[in-house]
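Here you go, sequence then predicted model.
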Amino acid sequence: MEKKLLKLGYKKDSVDKIFQGKFCPPAKKLFILEDEYGIPIHAWRDIKSFIKNSLTDEQKQI
């Protein structure tokens, strides 16, 4: 998932903040993440739990 966010133009420190739940991508990028990568918009309410519970180890690395 980190690589997906980096492809959208986020820097490593921003991606870290997203995974910590301190930052959420803007609405425009949320739609891109849903359409292109299948990350539901509602998952961003608690992205840490979504990553932990919904993704396989392989998907977490993509």
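Happy to help now that I have it.

and the closest residue to Q20 other than its chain neighbours, what helix or strand is that in?
Nearest in space to Q20, with sequence neighbours left out and distances taken as Cβ to Cβ, 6 or more residues apart in numbering, is K48 at 7.5 Å. From N, CA and C alone the C-beta is placed, and that goes for glycine too. Element membership of K48, judged by DSSP states H and E, is helix 47-54.

How many neighbouring residues does the residue nearest to Q20 have?
Residues within reach of K48, counting by other Cβ atoms under 10 Å, total 11.

For the chain, just list every one of the helices.
With DSSP state H as the criterion, the chain has helices at 2-7, 12-19, 27-37, 47-54, 57-61.

Which of those comes out lowest on mean pLDDT?
Of all the helices of the chain, mean pLDDT reaches its minimum on helix 57-61 (a mean of 58).

Run through the residues that contact the residue nearest to Q20.
Contact analysis of K48 by Cβ atoms under 8 Å, 6 or more residues apart in numbering lists F19, Q20, G21.
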